[in-house]
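> Turn this into a structure:
(chains A and B)
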Amino acid sequence: MVETKVKNTLFINGNEVEFSNERNLLEVIQKTGIEIPTFCYRPDLTLYGACRMCVVEVEGRGVQASCTMPPESGLKVKTNTERIRRVRKVSLELLLSNHDRECTTCERSGDCELQILSNKYDVKDLRFEKLEEMAEVDDSNPSLIRDSNKCILCGACIRACTEVQGKSVLSFSNRGSKTVCAPAYGSKLEDVDCVYCGQCAAVCPTGALAIKSDVDKVFEAINNDNKTVIVQIAPAVRVALGEQFNIPSGENVIGIMAAALRRAGIDKVFDTSFSADVTIMEEGTELIGRLKSNEKLPLFTSCCPAWVRHAEQNHKNFLNNLSSAKSPQQMFGALAKDVLCKEYNVEPKDLVVVSIMPCTAKKAEAVRPEFSENGVQEVDIVLTTQEVFKLIQSAGVNISKLAPEEMDQPFGEYSGAGVIFGASGGVAEAALRTAYEVVTGKTLENVNFEDARGLNTLKEFSVDLDGKKIKLAIINTLAEADRVIDKINKGEAHYDVIEVMACPGGCIGGAGQPVSCKDRLIKGNRKDGLYKADAKMKLQKSHENPSVKTLYEKHLGEPNGEKAHHLLHTEYEERDIWNVED
Amino acid sequence: MMNKIAVDMIKEQEKSKEYIKQMGTRVLVCAGTGCVANGSLDVVKKFEELGANVAMKEEKVTTIKTGCHGFCENGVLVMIPEKNVTYVKVKVEDVKDIVEKHLKNGEIVERLLYRDPQNGKIQQGNSDISFYAQQTRTSLDNCGHLNPEDIRESIANSTYLALDKALKELSPEDVCNIITESGLKGRGGGGFPTGRKWTFVRIAEGDKKYVICNGDEGDPGAFMDRSLMEGDPHRVIEGMALAAYAVGADEGYIYVRAEYPLAIERLRKAIADAEEYGLLGSQILGTKFNFKLHIKEGAGAFVCGEETALIASIEGERGMPRPKPPFPANKGLFDKPTLINNVETFANVPGIMLNGAEWFQSLGTEGSAGTKTFALTGEVNNTGLIEVPMGTPLRKIIFDIGGGVRNNKKFKAVQIGGPSGGCLTEEHLDLPLDYASLLKAGAMVGSGGLVVLNEDTCIVEVARFFMNFTQNESCGKCVPCREGTKNMLRILEKIVEGKAELSDLDILEELALAVKDGSLCGLGKTAPNPVLSTLKYFKDEYLAHIEGKRCPAGVCDAFKKIVIAEDLCKGCSKCARTCPVEAIEGKVKQPYKIEQNKCVKCGACLSSCPFNAIKEV
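Model prediction:
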């Protein structure tokens, strides 16, 4: 049937509104400047339609959920009628009645969507009694807290775990009002195949899945005169922290951060981009070696702890293919406890290395037993971007009064290659910048490998290294990693280098970053911010970083040499995905 | 095995009629679930045992296990249509009489005939028995009249003729148009025009399409679909095959709850037989039409009767509804265009195709064509399965077909449409039962449960019962249904426990409206109906519980009080010794007393008293 082409418009509260490629009525309404409340709607996940907060009245069709309704010409939509307000307000009241309302002590207090909406809708009088019993809180792991007393069953975590990571650690159990969202058989996250990526917490509207806070540990260290407290700041943090201070996403606030952290009592402020450069030296050398011997290819990157854990659980046949190089966080820790301890003349146990990461899995990585020497962990405390915001705030630092400051040296000098580690494709691009020059002996004029960039979950391209063509796959999200590895296992695909980051878009989309699940543009802005920072730098290749050169000359010797291997490389172990005894 | 592939159903029908003829006298014993529970299988066995002897002497007698006859109140039912005789409440020991007197000597066994409870007059056969005589059976036409496990009996009764005709003479579009013209609407509760639904699926783009039969009948007290599947499975299969042809599907599922083992067994047999006859499978009736049919057993979740939850369940997912759009017609089972209709809807299709759209329209009212089956239960004399034209007034159903309220009690209300429906009162007795009228009265046709309530029924308790049902069956996905029904139930519990306040009624109503408007699927959207309709028609009864602290029907335990009449009590202490909670105290030879705060109203003392001194007030 051919329909005559008419202008696509519909009416919202009587106003005619044009629409084109909006995916649902909700997006059209929001475009007009009207906020529609939602819990379960997450633009990057599949539609679920369960919270019913986004209901609107559509003439002739009654009350409809705007998230699941496609826009149609001529629809007459009302967004705030008596019926709509009743559904929303009663739903909020019902949810609150059944909710653990210890709001003040909740991790999400202040940015809990249930709290905010209940306040907006003036839900004051709770007329219903709590009918369900309190459930046990799971805080068994270093990264995440799961508290089903705060769960509103919006299913966002389940969709994130399944659709983004392909893990399905969480799912619904039981029925009706007894429904809970939990790992199989109510197990603890620690005992199942959770990789601590935290994408569940990143989409949770309440504190049902929250990041475990380690802020107090930092203050304890700061206030202990025997301790020297240093921080390393991961690349992706600098383009996201600003959001919490109402600075536009993507803006690089690294200088302000350095200033604020010093005011908060941190002794030295360093940059993980430095150890990212070191990672390139180690991993790049390893890659060149493997390409020469044509062994253990494809080489998988190993910077992302969620991916490493996933590989240990699910892709055991490729564990030898993972780069043995530690992640930049752990390299920094290992170097700090060796080089800086000597320089500062302090015992490793008295040098407190604090990582500021966009990532929840880094907390779990830091406590892995192999990342310790004589009982002292390489990295002592890991804070996420969200936590460092709290740290700065609770230290009473007012950033509006601060001027940007420089990083401390020597571990504060970094190349642009180290900075782009924070975006999907950045590690591969940084490695190529170095590998190209090492292999060909020529200068790489254009350092930009555009094919590696962008938010697509899979990017594939080839690079010519002096006649040798190498094929790369850049992957973000574990669901995509599973699809690609499945193809490799079936012999349907072949690569030399595969970069895997678990979070959407890479570390910029890490679960430790400020909550961004409702805005589809934020990840792109952060990514652009990193590449902008790289473009501004004179130093864009890891192997040209003077501090890195000095490090090898004075302390490490050759990349992949004996000392470097001891400090900067690791091994992987096969892991069960199910630790629950029968 | 001989090749049985059918290519011409008219010839097949002739053959099958011959087959039926050689059976001689047919003794039809109801083997629907109800009668089976009453021992009908033993009755069949007895007939077979004794019937063989008869055959030697006289003409041949064949005993046949049929599907539900419908008059469940009077099971086990034995019908001998040859002489228009229906025997009721037949026991194994009665079989000898029927064989000796009726089958051997042609004498009717009067004591086993049905007597009109009003005037005591004998009603000999189905054409006389008022329960049957006032019905119009079209989709239940064959139900009870044939052996559902023998495809030849169905073929003899015109089954698959319509399919033959459609495949050879009509285009899929023609079939859709005939269904549209007939005015058939979905019989599962929603009442969506069937022809339109078929057309949506027919024009939907897709390399693969499915047809699903929704046999997940779950309303308390409803058994229409079960009876159809058990009693005439081939009619349902033919309806599905016609639908598949009309929409361009080549694969189908019948979704039946596992609690219907007999229906599943008979459907399995029917599918296997139809495949053997080439009426299912590839190149059906020698045409290019292919249709593969499967049975999917459901685990019995009520919500799986909701079409998107049902689809999820077939896919192996959790049985939870999905938002619509996309509608199943465009993106259904395994994301393919899918037609999903209820059992009774499919059962209506062969009749329409055979007799024409006009015939079907002539049966009902404007806007509600055809007939509707109902499961008539509760406080009515003739409980059972009935079929009447759409628009039949309630009065006719309850008093003429149903024989009035049991034990000459006063009619109070009828609960129609199960947990999604509402209560209708005396003022609605002349309301025509059709989609529009019922909706206007705050009820719905639903799948067809009719529960008659008498003056001894507490209407608040009825609302609580249904709310308890929906609350238990809520899948837990959307907030209003999951949390709202729970709290509505809590308020209703408070009312029947005598703990509610007047303000609770306002909260109850507010919740009901929010749940109705806000819920994701039909279960939640209709869950408040029993509350809203009873609040509308029986508000005084709610108020009596809340303000008067009494239950007008005398049902709710909280308002009951058991007392010992001082003047009658001889102080024998028997009641005190009987009481399980030691609520009765006193001294021997002096009047005893019940401590009301301890009494659990179990009533044990009532029957223990030799002097009738204990009374419930």
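
> List the contacts of the nearest residue to A:Leu75 once chain neighbours are set aside.
Of all residues not flanking A:Leu75 in the chain, A:Leu10 sits nearest, at 4.1 Å (C-beta to C-beta, 6 or more residues apart in numbering or on different chains). Where C-beta positions appear, they are placed from N, C-alpha and C, glycine not excepted. Each residue near A:Leu10 by C-beta atoms under 8 Å, 6 or more residues apart in numbering or on different chains is listed here: A:Glu16, A:Val17, A:Phe19, A:Val28, A:Pro71, A:Glu72, A:Ser73, A:Gly74, A:Leu75, A:Lys76, A:Val77.

> beta partners for A:Leu10?
The partner list for A:Leu10 in beta bridges (DSSP bridges) reads A:Val17.

> In strands, which of the contacts of A:Leu10 appear?
Among these, the members found in strands (DSSP state E) are A:Glu16, A:Val17, A:Lys76, A:Val77.

> Weed out the non-buried ones from the residues you listed.
Using 16 or more other C-beta atoms under 10 Å in any protein chain shown as the burial test, the ones in strands among the contacts of A:Leu10 include A:Val17, A:Val77 as buried.

> can I get the ones in strands among the contacts of A:Leu10 in JSON lines with pLDDT and distance to B:Val43?
Listed next are those as JSON lines, based on pLDDT from 0 to 100; distance: C-beta to C-beta, whole Å:
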{"residue": "A:Glu16", "pLDDT": "95", "distance to B:Val43": "72"}
{"residue": "A:Val17", "pLDDT": "95", "distance to B:Val43": "71"}
{"residue": "A:Lys76", "pLDDT": "97", "distance to B:Val43": "63"}
{"residue": "A:Val77", "pLDDT": "97", "distance to B:Val43": "63"}
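
> any idea which of the ones in strands among the contacts of A:Leu10 is closest to chain B?
Nearest to chain B among these is A:Val77, at 15.1 Å by C-beta to the nearest C-beta.

> What residues are bridge-paired with that closest one?
A:Ile12, A:Val58.

> one step back: from chain B, how far out is the residue nearest to A:Leu75?
To chain B, A:Leu10 is 15 Å away according to C-beta to the nearest C-beta, to the nearest Å.

> Next: A:Ala50.
Here A:Ala50 is placed at a distance of 5 Å from chain B (C-beta to the nearest C-beta).

> list the contacts for that residue?
Applying C-beta under 8 Å, 6+ apart, the residues near A:Ala50 are A:Cys40, A:Leu153, A:Cys154, A:Gly155, B:Lys477, B:Cys478, B:Val479, B:Leu520.

> let's see it at 6 Å
Shown in contact with A:Ala50 (C-beta atoms under 6 Å, 6 or more residues apart in numbering or on different chains): A:Cys40, B:Lys477, B:Cys478.

> Out of those residues, which comes closest to A:Gly557?
A:Cys40 (55.1 Å; C-beta to C-beta).

> Excluding residues flanking it in the chain, which one is nearest the closest one?
A:Cys40 sits nearest to A:Cys154 (C-beta to C-beta, 6+ apart), 3.7 Å away.

> Dump the contacts of A:Leu10 into CSV; add distance to A:Phe389 as well.
Output for those, formatted as CSV (distance: C-beta to C-beta, whole Å):
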residue, distance to A:Phe389
A:Glu16, 42
A:Val17, 36
A:Phe19, 36
A:Val28, 33
A:Pro71, 37
A:Glu72, 42
A:Ser73, 44
A:Gly74, 46
A:Leu75, 41
A:Lys76, 43
A:Val77, 37
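
> With B:Glu49 as the reference, measure out to the residue positioned nearest the centre of chain A.
The residue lying closest to the centre of chain A (C-alpha atoms, centre = their mean) is A:Gly510, at 0.6 Å. A:Gly510 is 79 Å from B:Glu49, where distance means C-beta to C-beta, to the nearest Å.

> what's the answer for B:Lys396, then?
42 Å.

> When the two are compared, which one has more neighbours?
The neighbour comparison of B:Lys396 against B:Glu49 (other C-beta atoms under 10 Å in any protein chain shown) goes to B:Lys396, with 17 against 13.

> The more buried one: what's it in contact with?
With C-beta under 6 Å, 6+ apart, B:Lys396 has no contacts at all.

> Please settle this for me: is it part of a helix?
Yes: counting by DSSP: H, G, I helix; E, B strand; the rest coil, B:Lys396 is located in a helix.

> wait, isn't B:Tyr537 in contact with B:Thr425?
Yes: assessed by C-beta atoms under 6 Å, B:Tyr537 is found in contact with B:Thr425 at 4.9 Å.

> Now do whichever residue of the stretch 1-150 of chain B sits closest to chain A against B:Ser40, distance only.
Chain A sits closest to B:Thr33 of the stretch 1-150 of chain B, with a gap of 26.2 Å, by C-beta to the nearest C-beta. Distance, B:Thr33 to B:Ser40, using C-beta to C-beta: 10 Å.

> and A:Asp271, what are its phi and psi?
Backbone dihedrals for A:Asp271, given as degrees, to the nearest 10, come out at phi -130, psi 130.

> Most proximal residue of the stretch 101-250 of chain B with respect to chain A?
Closest point on the stretch 101-250 of chain B to chain A, by C-beta to the nearest C-beta, is B:Ile203, at 8.4 Å.

> Would you mind giving both backbone torsions of that residue?
phi -90, psi -10.

> Show the contacting residues for it.
Contacts of B:Ile203 (C-beta under 6 Å, 6+ apart): none.

> In contact with B:Lys89, which residues?
Here B:Lys89 is in contact with B:Asn74 (C-beta under 6 Å, 6+ apart).
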